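Engineer: Curious how this folds, go ahead:
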Amino acid sequence: MMQDEKTVRYIGELSGIEETQNPQLQRHLPFSTPLIWLKRGWSDMVTQPLPSLAYGVAVFALSAISVWILVRYGRDYLLFPVLSGLLIVAPFFATGLYLKSRNLAEKKPVDRK
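Structural biologist: Numbering: from 1, shown residues only. Predicted structure coming up:
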């Protein structure tokens, strides 16, 4: 067994991720699928605009403040790592939007808790 195969095997054992060579595990999505997702997201935003716009404004403000602080204090070389980190944590902050979309899809009321 080659070293690369051994490493892949260990990663699979630790994470529980199986090979995607199995046709039953592969997702054969058409190229238009992301456009459908965008259409549904836009529909959710039009139906309940306040949570979506509030999230967008908050992410923009956090990004703008981060850029301003880094430039102001001469740490602009950290700009890309900080914004990359924001891209990593942003989906966790968006869980409320995911809940809103699920409730709209299931025709449930959208709570403002």
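Engineer: check which helix or strand covers the residue most central in space within the chain.
Structural biologist: Taking C-alpha atoms, centre = their mean as the criterion, residue 91 is the residue nearest the geometric centre of the chain, at 4.1 Å. Using DSSP states H and E, residue 91 sits in helix 79-93.
Engineer: Residue 108 too?
Structural biologist: Under the assignment here (DSSP H and E), residue 108 is part of no helix and no strand.
Engineer: Distance from stretch 51-59 to the middle of the chain?
Structural biologist: How far stretch 51-59 lies from its chain's middle: 14 Å, per C-alpha atoms, centre = their mean, to the nearest Å.
Engineer: Where does the prediction get shaky in the chain?
Structural biologist: The chain contains residues with pLDDT under 70 at 1-26, 112-113.
Engineer: on that earlier part again, need the residues that contact the helix holding residue 91.
Structural biologist: 55, 58-59, 62-63, 66-67, 70-71 (C-beta atoms under 8 Å, 6 or more residues apart in numbering). The C-beta positions use only the backbone N, C-alpha and C, and glycine is treated the same way.
Engineer: Can you flag which of these belong to helices?
Structural biologist: Among the contacts of helix 79-93, DSSP state H puts 55, 58-59, 62-63, 66-67, 70-71 in helices.
Engineer: any chance of the contacts of helix 79-93 in a markdown table, plus neighbour count and distance to residue 77?
Structural biologist: Formatted as a markdown table, those follow (neighbours: other C-beta atoms under 10 Å; distance: C-beta to C-beta, whole Å):
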| residue | neighbour count | distance to residue 77 |
| --- | --- | --- |
| 55 | 17 | 29 |
| 58 | 12 | 26 |
| 59 | 15 | 23 |
| 62 | 14 | 20 |
| 63 | 15 | 17 |
| 66 | 16 | 14 |
| 67 | 14 | 13 |
| 70 | 17 | 8 |
| 71 | 11 | 11 |
